[in-house]
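>>> Sequence isn't available, so here's the structure alone:
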């Protein structure tokens, strides 16, 4: 009689191993230790063989029958099921070793030698977030141009056009490496250009609120119901108006509490020169609080999943969206608001531009310019922090006010 799940569950171990037959040669082998193993004993090329289908209940009765039926079909066609299983495992391993992800990891080792840690970290995170989910397991030699088009369109559809373009560029580099190293015969990326896929767009500024809406945003941040670290990240961005990448990749080694300054190294700056952010008392208080939360890590703002990596560059944008500011405000918008308000209040244009790290710098003057006008910039940053604090409390208005600085 065919086996049933009830009969299998009731079967108890004995002093010696024994079998419960199911039919067509399939049987359950019960060991004295309590193991229950699906097996089939057959003869192929004048040799007795035993193939195993797995352990019950990991392999159910129904699944064992399916595996057995497939093995018997091979046997009927003159193929040894056990030999075929070994060949399949070897082929699968070969496919995995030549998968897009495996080859891209080899490319990363080759490519990263002369790249900044910031750039390498960005590329790795983009591969992990956007490319590997779609292409990672695919054999690199089998990937077609249409798959790259689907990848780019999937990223573009969520509104990340620039990331989609960079993903195509990066995959193109990986495919060129694969061809050079003999893992693929040609690159499907060579068949397409970004302009073939990406929707053309005119130049536009980052979304940001009007200055009159800024106090409301500050109050929304103060009562933000999400993760405390995300709230502190938005508060520090409002106080320091650094770029999003400069904020999320910040390390505790860059913060000097005693000197009240944040020294951002050149490799993390868009202009590739060092940048000093004078820290107002409000920023120092915020950082002291943050130190108690993340001071055990390398990063001021570690990621949710692992404190070995920094916060995602989408975290602040998503938090703003949850607060009701979708398409109205971005992390970069804090910079525009600070520039507008400080200019309207009469602060020196050159001081503001230097603090925004906008000022043009050449290689010769870079080591000097980053510290230029540091004293008035310290006052500017403290005045700005006082104004932000007052706006958050509802005690400040934003009229144009000439300031001698």
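Received it, and whenever you're ready, just let me know what you need. Since the model is a prediction, treat every value here as computed from it, not as a measurement.

>>> Show me how this structure divides into domains.
5-89, 100-197, 211-392 (automatic domain parsing).

>>> Strands along the stretch 301-405 of the chain, start to end?
Remark: no strands are assigned in the stretch 301-405 of the chain by DSSP state E, counting those that start in this stretch.

>>> Flag the shaky bits of it, pLDDT-wise.
Within the stretch 301-405 of the chain, the segments meeting pLDDT under 70 span 359-371, 395-405.

>>> What's the biggest helix in this protein, counting residues?
Counting by DSSP state H, the longest helix found in the chain is helix 161-181.

>>> Which of the residues in that one are classified as buried?
Neighbour counts using 16 or more other C-beta atoms under 10 Å place 161, 163-168, 170-172, 174-175, 177-179 of helix 161-181 among the buried residues. All C-beta atoms are positioned from the backbone trio N, CA, C, and that covers glycine.

>>> What of stretch 40-56?
40, 42, 51, 53, 56.

>>> what's the answer for stretch 278-290, then?
278, 279, 280, 282, 283, 286, 287, 290.

>>> Let me see the confidence value for residue 124.
Note for residue 124: predicted pLDDT of 91.

>>> my bad, should have said residue 3
93.

>>> nearest residue to it other than its sequence neighbours?
Among residues not flanking residue 3 along the chain, residue 22 sits closest, at 4.4 Å (C-beta to C-beta, 6 or more residues apart in numbering).

>>> tell me the SS of the one you found?
Following DSSP: H, G, I helix; E, B strand; the rest coil, residue 22 is assigned to strand.

>>> how close does it sit to residue 8?
Separation of residue 22 from residue 8 (C-beta to C-beta, to the nearest Å): 9 Å.

>>> okay, these two: which has more neighbours?
Between residue 22 and residue 8, counted using other C-beta atoms under 10 Å, the more crowded position is residue 22 (21 against 17).

>>> Do you know the pLDDT at the more buried one?
Looking at residue 22, the pLDDT reads 94.

>>> can I assume it is in contact with residue 39?
No: the pair residue 22 / residue 39 is not scored as a contact, 10.4 Å apart, by C-beta atoms under 8 Å.

>>> Next, show the common contact partners of those two.
Shared contacts of residue 22 and residue 39 (C-beta atoms under 8 Å, 6 or more residues apart in numbering): residue 28.

>>> so residue 40 sits right up against residue 74, yeah?
No: if you go by C-beta under 8 Å, residue 40 and residue 74 don't touch, sitting 11.5 Å apart.

>>> Let me see the ranges of the strands in the stretch 1-150 of the chain.
With DSSP E, counting those that start in this stretch as the criterion, the stretch 1-150 of the chain has strands spanning 18-23, 26-30, 36-44, 47-55.

>>> What is the second one packed up against?
Think strand 26-30. strand 18-23, strand 36-44, helix 61-76 (3 or more C-beta pairs under 8 Å, 6 or more residues apart in numbering; DSSP states H and E).

>>> CSV please, covering those and showing distance to residue 243.
CSV is the format used below for the helices and strands packed on strand 26-30 (distance: least, C-beta to C-beta, whole Å):
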stretch, distance to residue 243
strand 18-23, 66
strand 36-44, 59
helix 61-76, 53
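
>>> how about the ones you listed, which one is nearest residue 197?
When these are compared by C-beta to C-beta, helix 61-76 sits nearest residue 197, at 41.0 Å.

>>> and the angle from the closest one to strand 26-30?
With axes from the mean of the first three to the mean of the last three C-alpha atoms, to 10 degrees as the basis, helix 61-76 and strand 26-30 are set at 120 degrees to each other.
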